[in-house]
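Participant: Whatever this is, show me its structure:
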Amino acid sequence: MKPFKVYAHPQGDYEAVESGWSWNACGFGPFWALFNKMWAVGVGALAALVGVWGIAAVGLGTEQAMLIINVGSVLSCMVFGAYGPHWQQAHLEARGFVCQDTVTAADGKDAVDRYRMKWTDPARRQAMEIGAPVV
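Facilitator: Coordinates of the predicted model:
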């Protein structure tokens with residue numbers, strides 16, 4: 001179980017962002033960014049990796065280029081794992097999402113489900129409908 005920040009969009013969409021280190025972002029890097037609709041980050045990282053490998057292959061040869069791309073891939077994994085959740089939060093906020101709550105859950109889908117269950121309590125919903133203070 002990990003803490004997740006649950007973001008809500010005024011149109012009713014929900015997203016959960018893992019707090020701290022993200023193993024998904026670490027393992028999948030640019031593809032994780034593309035999956036999360038962060039097009040500039042994903043395409044930019046892929047282009048940078050291919051560009052660095054191409055320049056190294058032309059300038060140093062294939063063997064040294066492979067070493068450089070391996071080191072670059074490890075560094076990319078570390079950067080995505082550490083900063084990916086922050087980028088995802090900033091991206092969601094730029095798209096109009098607002099942080100609602102922090103929920104402890106197994107994964108992002110579970111975090112959204114737990115948040116929704118928390119707010120679908122009939123007594124809580126009734127109090128909100130009549131304008132009574134929600135405790």
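
Participant: Please count neighbours and contacts with C-alpha atoms only from this point.
Facilitator: Will do.

Participant: contacting residues for F28?
Facilitator: Residues counted as contacts of F28 (CA atoms under 8 Å, 6 or more residues apart in numbering) are C77.

Participant: Surely G96 and Q11 touch.
Facilitator: No. Using CA atoms under 8 Å, G96 is not in contact with Q11; the gap is 9.5 Å.

Participant: Of those two, which one has the most company?
Facilitator: Between G96 and Q11, counting by other CA atoms under 10 Å, G96 is the more crowded of the two (12 against 8).

Participant: I'd like the distance from the longest helix seen in the chain to the chain centre, please.
Facilitator: As assigned by DSSP state H, the longest helix anywhere in the chain is helix 62-94. How far helix 62-94 lies from its chain's middle: 13 Å, per CA atoms, centre = their mean, to the nearest Å.

Participant: Return the set of buried residues in the following helix or strand past that helix.
Facilitator: Next along the chain after helix 62-94, taking DSSP states H and E as the criterion, comes strand 98-105. Neighbour-count burial for strand 98-105, with 16 or more other CA atoms under 10 Å as criterion, is recorded at V98, C99, T102, V103, T104, A105.

Participant: Okay, angle between the helix or strand that comes right after strand 98-105 and strand 98-105 too, please.
Facilitator: Downstream of strand 98-105, the next assigned helix or strand under DSSP H and E is helix 108-119. Here helix 108-119 runs at an angle of 110 degrees relative to strand 98-105 (axes from the mean of the first three to the mean of the last three CA atoms, to 10 degrees).

Participant: pLDDT of helix 108-119, averaged?
Facilitator: Mean pLDDT, helix 108-119: 88.

Participant: Can you spell out which helices and strands pack onto that helix?
Facilitator: When contacts are defined as 3 or more CA pairs under 8 Å, 6 or more residues apart in numbering; DSSP states H and E, helix 108-119 sits against strand 2-8, strand 14-18, strand 98-105.
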